[in-house]
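1. Give me a 3D structure for the following:
(one chain, ligands or ions: 3)
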Amino acid sequence: MLVTGNDILVPARAGKYGVGAFNTNNMEITQAIIHTAEKLRSPVIVQMSEGAIKYGGQDLANIVIDIATRATVPVALHLDHGSSYENALKAIKMGFTSVMIDASHHSFEENVRETRRVVEAAHAMGISVESELGRLGGIEEHVVVDEKDAFLTDPGEAVQFVEETGTDYLAIAIGTSHGAYKGKGRPYIDQARIERIGELVSIPLVAHGSSGVPAEIVGRFRDSGGEIGDAAGIADEDLRLACQHGIAKVNVDTDLRLAMTVGVREVLTKNPKEFDPRKVFGPAREVMAGIVEHKMGVLGSVGKA
Ligand SMILES: O=C(COP(=O)(O)O)N(O)CCCCO
Ligand code: NA
Ligand SMILES: [Zn+2]
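-> Ligands and ions are numbered 1, 2, ... in the order given. You can find the predicted model right below:
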């Protein structure tokens, strides 16, 4: 059934488990996400970035809304990294049940102002809101402490931000970063900081940049002709621990992008004569479903629907 982000994330925070928020750009990705959620009896968030809305528009949103509405587990459709009040409202008009206003690159005051505007409008329409405080960005080991503080979310500021905006859930900067190159070896996650913020702030917390970039998928990507450098993602153990301390929404896009590409490359390189789209995108759907299944196991959302 199609529900709001709060319907999924408030129980997740209370139950100390995480819920995957997976980005989609087409039907097969959406099916891999929602069908796997149904198979595992897990709630799930399907999210579209502004780029995905540009790419698939209302056509894609309708595919997600239709599959989510008929699903036997709770599914929310979320606007990822909404860049303006106008875009957040447009998404709500398109049928989104959760929206992010990402004003984290502005000053604290400007972020509060912009976020509060979206919260008031979204709440008037029964839609829940994600906002962000802190600078997302991989923290290399060599970064000295005060530079880390300049990037990562300050617990005291988080309390003030939540009070002043009424945001429903909060994306915090804890060392993760977007993409396949999150740091050398095991990327640094500031668990103490998550724990501190989780103690002070009771709303669900959001971890962006949480793809694991699993070595097995990276290996298959290279073996099927893909080119990728020294890729590294967030360790499963770090994610599991973060969900014990208040992280409830866990954003994953890169892992699905890699999985889809591996599925397609493996078919096309092994069967050069193949040109049936079902034989190309079907296997890709299976690889993505495997990624979704693994992630739900790590986050502890299996059986929670
Ligand atoms: O936080 C994330 C996902 O992060 P990741 O790149 O680790 O999958 N997102 O918000 C998805 C859009 C960013 C482009 O990947
Ligand atoms: Na941001
Ligand atoms: Zn993100």
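2. Around ligand 2, which positions in the protein sit nearby?
-> Counting by CB under 5 Å from the ion, the chain comes close to ligand 2 at 102, 104, 132. C-beta coordinates here come from the backbone N, C-alpha and C atoms, glycine included.
3. want to throw those residues into TSV with pLDDT, distance to ligand 3 and neighbour count?
-> TSV is the format used below for the residues of the chain next to ligand 2 (pLDDT from 0 to 100; distance: CB to the ion, whole Å; neighbours: other CB atoms under 10 Å):
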residue	pLDDT	distance to ligand 3	neighbour count
102	96	8	23
104	94	10	20
132	97	8	24
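4. Among those residues, name the ones in helices.
-> Among these, none falls in helices (DSSP state H).
5. Tell me who's in contact with residue 89.
-> 118, 121 (CB atoms under 8 Å, 6 or more residues apart in numbering).
6. What helix or strand is it located in?
-> helix 85-94 (DSSP states H and E).
7. quick one: average confidence on that helix?
-> Mean per-residue pLDDT for helix 85-94: 98.
8. Can you point out the buried residues in that helix?
-> Neighbour-count burial for helix 85-94, counted by 16 or more other CB atoms under 10 Å, picks out 85, 87, 88, 89, 90, 91, 92, 94.
9. For residue 250, state which of the residues you listed is nearest.
-> Nearest to residue 250 among the buried residues of helix 85-94 is residue 91, at 20.6 Å by CB to CB.
10. In contact with the closest one, which residues are there?
-> Counting by CB under 8 Å, 6+ apart, residue 91 has contacts 53, 79, 82, 99.
11. Kindly recompute the last result at 10 Å.
-> 48, 50, 53, 61, 77-80, 82, 97-100, 122, 127 (CB atoms under 10 Å, 6 or more residues apart in numbering).
12. repeat for residue 153
-> Neighbouring residues of residue 153 by CB under 10 Å, 6+ apart: 104, 132-136, 161, 170-174, 190, 193-194, 196-197, 201, 205.
13. for residue 76, helix, strand, or coil?
-> Following DSSP: H, G, I helix; E, B strand; the rest coil, we place residue 76 in the strand state.
14. For ligand 2, what is the nearest residue in the stretch 201-305 of the chain?
-> residue 208 (7.3 Å; CB to the ion).
15. my guess is that residue meets residue 23, correct?
-> No. Using CB atoms under 10 Å, residue 208 is not in contact with residue 23; the gap is 11.0 Å.
16. ok but residue 129 is inside a strand, no?
-> Yes. Counting by three-state DSSP, one finds residue 129 located in a strand.
17. Let me know whether it touches residue 97 as I believe.
-> No. Using CB under 10 Å, residue 129 is not in contact with residue 97; the gap is 11.1 Å.
18. Touching both of those two, which residues are there?
-> What both residue 129 and residue 97 touch, as defined by CB under 10 Å, 6+ apart, is the set 4, 5, 6, 79, 122.
19. Quick check: the two most widely separated of those?
-> Spatial extent of the shared contacts of residue 129 and residue 97 (CB to CB) is set by the pair 6 and 79 at 14.6 Å.
20. between those two, who's got more neighbours?
-> residue 79 (29 against 19; other CB atoms under 10 Å).
21. That one: what secondary structure?
-> Assignment for residue 79 (three-state DSSP): strand.
22. How confident is the prediction for it, by pLDDT?
-> pLDDT, read off for residue 79, is 98.
23. what does residue 186 give?
-> Looking at residue 186, its pLDDT stands at 80.
24. Please report the number of neighbouring residues for the residue nearest to it when sequence neighbours are not counted.
-> Residue nearest to residue 186 in three dimensions, not counting chain neighbours: residue 235, with 5.4 Å by CB to CB, 6 or more residues apart in numbering. For residue 235, the neighbour count with other CB under 10 Å is 15.
25. Tell me the residues on the stretch 51-200 of the chain that lie near ligand 1, please.
-> Proximity of the stretch 51-200 of the chain to ligand 1, by CB under 6 Å from any ligand atom, involves residues 80, 81, 178, 179.
26. For the first one, list each beta-bridge partner.
-> Put plainly, it is residue 80. Beta-bridge partners recorded for residue 80 (DSSP bridges): residue 49.
27. what's the burial count for it?
-> Residue 80: 26 neighbours (other CB under 10 Å).
28. From residue 109, how far off is it?
-> Using CB to CB, to the nearest Å, residue 80 is found at 24 Å from residue 109.
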